[in-house]
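Enquirer: Structure for this input, please:
(one chain, ligands or ions: 1)
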Amino acid sequence: MELSTRLCPLCHVPFLQIPVGDGSIEICEKCQGTFFEFDEL
Ligand SMILES: [Zn+2]
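Expert: Coordinates of the predicted model:
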């Protein structure tokens, strides 16, 4: 897994970035928050 360059707005720690399909999801370990990010073509 890779660390995202973005920080969780709640915990201020880097998201874990996990590739899924066309994009990736970002998960915060600390608050278990999940954020979706899809690449724009
Ligand atoms: Zn968090």
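
Enquirer: Run through who's touching stretch 4-18.
Expert: Stretch 4-18 has contacts (C-beta atoms under 8 Å, 6 or more residues apart in numbering) with 1-3, 24-31, 33, 35. Backbone N, C-alpha and C define where each C-beta goes, glycine included.

Enquirer: same deal with stretch 22-37?
Expert: Residues contacting stretch 22-37 (C-beta under 8 Å, 6+ apart): Ser4, Arg6, Cys8, Leu10, Cys11, Val13, Phe15, Leu16, Gln17, Ile18, Phe38, Asp39.

Enquirer: switch to 6 Å and redo it
Expert: Outside stretch 22-37, the residues within contact range by C-beta atoms under 6 Å, 6 or more residues apart in numbering are Ser4, Cys8, Leu10, Cys11, Val13, Phe15, Leu16, Gln17, Ile18, Phe38, Asp39.

Enquirer: quick one: low-confidence parts of the protein?
Expert: Applying pLDDT under 70 to the chain flags the ranges 37-41.

Enquirer: about what we covered before: mind giving me the PyMOL command for buried ones among the contacts of stretch 22-37?
Expert: A single PyMOL command selects the buried members of the contacts of stretch 22-37 (16 or more other C-beta atoms under 10 Å):
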select buried, resi 4+8+15+17
